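Colleague: With the sequence up front, the predicted model follows.
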Amino acid sequence: MIKNMKRAGSLTALVSVSALVLAGCATGGETETSPETDSGDEAAEVSAAPEGTLTFANWQWLETGRGDGMWEAVSAYSEYNPGASFEQVATPFGEYANTLNTALGGGQGADIFVILDGQFNVLADAGLLEPLDDIVAEANVNASNNQMMVNGSQLGVTWEQAIYALLGNKNVMDEAGITEMPTTVDELIAAAAQVEANTDADGFAVRHRIAEFGGWSADFQNWMHGFGGGWSDGTNLTIDSPANIEAVTAFKKVYDSGVMPVGDDASTFRSKFKENSLGFMIDNNGAALSFATGGSITGTDIVSAPLPFPTGVSAHQKLILAVNANSENKELAKDFIRWFLTEEGQSLIRPWTGASTIATDGELSAEFTAANPWAQTYVEAGKTSKQIPIVGFELQTDEFYQTILEAVERVLTQGQDPAEALGEAQAALQ
């Protein structure tokens with residue numbers, strides 16, 4: 001839950017912050033029936049369901065493999081409510097947050113949209129999200145939706161909550177003679193070195209550059225949580241805590257080991273993994289699902305394991321479904337979300353979210369699990385995963401991460417001592 005949230009008065013500030021930000025019971029339209037007569041001969045009068053075209057923004061529409069599946073799943077609402085149709089708004093991830101926030105700040109933008117939790121904090125603070133309290137009250141949602149309760153009002157629901165784990169390419173591992181997944185940082189370095197010694201593939205990859213701030217700011221939290229650290233205690237910043245220093249030291253150790261293709265961005269090393277040119281990587285379950293459906297490998301070619309860090313705890317990246325408070329189709333948008341939270345809506349989106357946590361407690365099908373044995377690791381990790389926004393400093397999270405990751409990058413590229421670098425970040429933000 002976001003603490004001490006205050007309504008922002010400046011849309012200029014909204015756009016500025018957005019530049020840094022870069023996963024029931026009722027059915028269908030609300031109806032009203034007249035009281036039955038004693039004879040029961042009079043037909044109940046049913047009010048018309050809301051009609052119109054909903055513009056739906058999401059960068060995932062562009063994802064190979066599952067983007068089309070997700071679109072087909074949400075479009076099924078039109079079968080339930082024939083008076084409704086959809087118009088797709090697809091923007092690449094790197095441009096998504098700023099493009100959407102700029103439109104919303106001008107009183108425009110899509111009717112409904114998917115946003116990351118950091119972007120949610122900004123839009124909620126600016127009063128640009130429509131409350132969904134009545135809808136959520138009718139549905140059987142799980143605790144993953146609690147984070148979207150702001151000042152007593154439900155401003156979004158879980159689209160999917162992506163979790164992180166260690167992934168191995170089984171084909172590369174077999175060629176390298178590796179039979180077990182690494183469980184520690186030292187074992188990860190050794191296994192990655194074995195890949196490079198016995199195959200033409202790279203050993204291990206993960207985001208590691210401020211140039212990929214939007215993704216790295218999420219990915220790096222796995223190291224911090226994995227070593228039992230935290231950037232705050234909920235009230236005060238704890239950036240240079242011993243656990244955080246240990247996490248950065250471990251990251252530096254892997255970076256210096258020679259098993260990483262330094263300079264590769266996520267697009268490059270993900271392509272390598274699904275083309276059997278990378279042994280290991282840390283990534284979220286959405287990426288794993290994409291590998292299983294859009295490359296040279298299948299789900300059974302992917303091996304997963306908990307993060308090779310002391311606690312095994314990972315971060316989760318929450319994708320939130322929300323309604324534009326300035327939409328002219330708010331009732332139709334809210335009715336869609338009402339349907340989305342039903343068993344039907346959740347069952348249709350579930351195959352395309354893979355092992356992500358979704359708004360209700362829908363189970364993975366036996367067929368999906370058999371085809372994607374890597375998924376179970378993510379399901380288990382999701383039970384203890386932690387949020388990416390800094391607790392107690394949600395609105396400042398992206399600004400703070402910029403300073404923190406600049407410090408980490410100095411450790412990696414300039415050899416600065418981790419304790420010194422994080423101490424400077426603590427002082428700068430204090």
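Modeller: That came through, no problem.
Colleague: all strands of this structure, in order?
Modeller: 52-57, 84-89, 112-116, 149-150, 153-154, 157-169, 202-205, 278-284, 302-305, 315-323, 386-387 (DSSP state E).
Colleague: mind giving me the domain split of this structure?
Modeller: Domain assignment for the chain, taken from automatic domain parsing, gives 11-27+49-162+317-376, 163-315+388-429.
Colleague: and the strands of the chain as JSON lines, adding mean neighbour count?
Modeller: The C-beta positions use only the backbone N, C-alpha and C, and glycine is treated the same way. Formatted as JSON lines, these follow (neighbours: other CB atoms under 10 Å):
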{"stretch": "strand 52-57", "mean neighbour count": "18"}
{"stretch": "strand 84-89", "mean neighbour count": "17"}
{"stretch": "strand 112-116", "mean neighbour count": "26"}
{"stretch": "strand 149-150", "mean neighbour count": "18"}
{"stretch": "strand 153-154", "mean neighbour count": "16"}
{"stretch": "strand 157-169", "mean neighbour count": "26"}
{"stretch": "strand 202-205", "mean neighbour count": "25"}
{"stretch": "strand 278-284", "mean neighbour count": "27"}
{"stretch": "strand 302-305", "mean neighbour count": "20"}
{"stretch": "strand 315-323", "mean neighbour count": "26"}
{"stretch": "strand 386-387", "mean neighbour count": "16"}
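Colleague: closest one to residue 247 among those strands?
Modeller: Of all these, strand 315-323 sits nearest to residue 247, with 11.8 Å by CB to CB.
Colleague: Lowest average confidence across the domains of the chain, which one?
Modeller: Mean pLDDT is lowest for domain 11-27+49-162+317-376 out of the domains of the chain, coming in at a mean of 89.
Colleague: Would you tell me which of the strands of the chain gets closest to residue 65?
Modeller: So among the strands of the chain, strand 302-305 is nearest, using CB to CB, at 13.8 Å.
Colleague: Direction included, what does that closest one pair against?
Modeller: Using DSSP bridges, strand 302-305 pairs in its sheet with strand 157-169 (antiparallel).
Colleague: Restricting to C-alpha, output the partner strand in CSV.
Modeller: Extracted as CSV, the C-alpha positions of strand 157-169 are listed here (Å, rounded to 0.1, in the frame of the first residue of the first chain):
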residue,chain,number,x,y,z
VAL,A,157,-6.1,-4.6,-10.3
THR,A,158,-3.4,-7.1,-11.0
TRP,A,159,-2.9,-7.7,-14.7
GLU,A,160,0.1,-10.0,-13.9
GLN,A,161,2.8,-10.1,-11.3
ALA,A,162,6.0,-11.2,-12.9
ILE,A,163,8.6,-13.0,-10.8
TYR,A,164,12.3,-13.6,-11.3
ALA,A,165,14.3,-16.8,-11.2
LEU,A,166,17.6,-18.3,-12.6
LEU,A,167,17.1,-19.8,-16.1
GLY,A,168,19.3,-22.3,-17.8
ASN,A,169,19.3,-23.3,-21.5
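Colleague: what angle do it and strand 278-284 make?
Modeller: 160 degrees (axes from the mean of the first three to the mean of the last three CA atoms, to 10 degrees).
Colleague: number of nearby residues for residue 240?
Modeller: 20 (other CB atoms under 10 Å).
Colleague: For residue 163, list each beta-bridge partner.
Modeller: Beta-bridge partners of residue 163, as defined by DSSP bridges: residue 316.
Colleague: Name the nearest residue to residue 227, ignoring sequence neighbours.
Modeller: residue 247 (4.0 Å; CB to CB, 6 or more residues apart in numbering).
Colleague: how much space between that neighbour and residue 90?
Modeller: 36 Å (CB to CB, to the nearest Å).
Colleague: same deal with residue 178?
Modeller: If you go by CB to CB, the gap between residue 178 and residue 90 works out to 39 Å.
Colleague: got it, and residue 171?
Modeller: 32 Å.
Colleague: Residue 98 too?
Modeller: Taking CB to CB, one finds residue 98 at 15 Å from residue 90.
Colleague: picking up where we left off before, in terms of packing, which of residue 247 and residue 90 has more residues around it?
Modeller: Neighbour count, other CB under 10 Å: between residue 247 and residue 90, residue 247 has more, with 26 against 15.
Colleague: Return the residues in contact with the more buried one.
Modeller: 223-224, 226-227, 229, 309 (CB atoms under 8 Å, 6 or more residues apart in numbering).
Colleague: 7 Å instead, please
Modeller: 223-224, 226-227, 229 (CB atoms under 7 Å, 6 or more residues apart in numbering).
Colleague: any chance of the residues you listed in a markdown table, plus neighbour count?
Modeller: What follows is these, written out as a markdown table (neighbours: other CB under 10 Å):
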| residue | neighbour count |
| --- | --- |
| 223 | 24 |
| 224 | 24 |
| 226 | 25 |
| 227 | 24 |
| 229 | 21 |
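Colleague: State the pLDDT value of residue 37.
Modeller: Value for residue 37, per-residue pLDDT: 37.
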